[in-house]
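S.K.: need a structure here:
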Amino acid sequence: MIVEKINKFLDSEGKTLSEYIRYDIEKLAGFAFQRQFIDERETKPGTLRLSSAGRCARKLAYGYFGYEPNGRVIDTRAKLTFFLGDLVELVITSLIKASGIKVMATGFNQITVGLDVDGVEIKGHPDGIVNHNGEFYLLEVKSLSSYDYDRFDKGEIDEGYIAQVNAYMESLGLDKCVFVVINKNNAVLAEQVVNKTSAIVEAVKANFKKVLMADKDNLPERVYKPDEKGFLPFHCHYCSYWKHCYPKAQEVLVRNRKKLKIEPKKGV
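M.R.: Residues are numbered from 1 along each chain as shown. Here you go, the predicted model:
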């Protein structure tokens, strides 16, 4: 559907690229650089975004109610990762255009959509919309590690991504999404179409409702718990608020990797 046409375009002789697409790439790359490395990151309390639809409700609540981040910080490595992700999205969407596929609402023409959750509009910015033979698909572009790419190739897509695209599809009135992914390690492309699922849409709304119905002193229940050895899952270690959520957790080194652990005798 998409990957085949991109590969055909890249393999063709005498490729042409319109000045419009080239200009878009240059300007958007500069915009992405400024956003990641120059502008100050600001998380406004009282804000929820569709891009976080699949995240832990307790984590969302910490940000929503203005808790000071005290866990994982956005360091140099994270900024570079986000920037490379922006560039991947830019390159893939530009190649989609260049290969002759009808795609809209990308780049500077990206649109803002909203999902109504109990009278509160939660906004987001989808990657784009593809017109394939008169049928419209949500476009979602991702760069994946070899491990996640292999899972994707088997039809296994991260639950957070699935929640996110279902929220976008519901807000746009679309029923299908085409994922286009690239393997970070070898630049191989793949695609997969997923259908909107009403149960997932309702689960997304329910997750947001947990935040909207909470208050600063009564947060949603913890989603992740320590295992029998006291180790918390990686989701917690990547959270910006884990010291609020599990104040007695400690970082420990296990086989050259840091993990969060709570000593069983000390409780949580």
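S.K.: tell me where the stretch 101-250 of the chain has helices.
M.R.: Taking DSSP state H, counting those that start in this stretch as the test, the helices found in the stretch 101-250 of the chain are 146-153, 159-172, 198-212, 234-237, 242-245.
S.K.: give me the buried positions along stretch 232-250.
M.R.: Taking 16 or more other Cβ atoms under 10 Å as the basis for neighbour counts, the residues of stretch 232-250 that come out buried are 232, 236, 237, 239, 240, 241, 242, 243, 244, 245, 246, 249. Every residue, glycine included, has its C-beta placed from N, CA and C.
S.K.: where does pLDDT dip in the stretch 101-250 of the chain?
M.R.: Along the stretch 101-250 of the chain, the model assigns pLDDT under 70 to no residue.
S.K.: outline the domain layout of the protein.
M.R.: 3-212, 234-266 (automatic domain parsing).
S.K.: could you redo those domains as TSV and give each row distance to residue 228?
M.R.: Output for those, formatted as TSV (distance: least, Cβ to Cβ, whole Å):
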stretch	distance to residue 228
domain 3-212	21
domain 234-266	8
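S.K.: by residue count, which strand of this protein is the longest?
M.R.: If each strand of the chain is counted by residues according to DSSP state E, the longest one is strand 135-144.
S.K.: and the residue lying closest to residue 243 once chain neighbours are set aside, how many neighbours?
M.R.: Distances taken as Cβ to Cβ, 6 or more residues apart in numbering place residue 70 nearest to residue 243, at 4.3 Å, with adjacent residues excluded. Neighbour count for residue 70, taken as other Cβ atoms under 10 Å: 15.
S.K.: correct me, but residue 70 touches residue 244?
M.R.: Yes: with contact defined as Cβ atoms under 8 Å, residue 70 and residue 244 form a contacting pair (6.2 Å).
S.K.: neighbours around the closest residue to residue 139 other than its chain neighbours, how many?
M.R.: In space, residue 139 comes closest to residue 128 once its chain neighbours are excluded; the distance is 4.0 Å by Cβ to Cβ, 6+ apart. Other residues within reach of residue 128 by the criterion other Cβ under 10 Å amount to 25.
S.K.: looks like residue 105 contacts residue 128 (just checking).
M.R.: Yes: taking contact to mean Cβ under 8 Å, the distance of 5.1 Å between residue 105 and residue 128 places them in contact.
S.K.: how about the helix ranked longest in the chain: buried residues?
M.R.: The helix that spans the most residues within the chain, counting by DSSP state H, is helix 76-98. Of the residues in helix 76-98, those buried under the neighbour-count criterion (16+ other Cβ under 10 Å) are 82-83, 85-90, 92-98.
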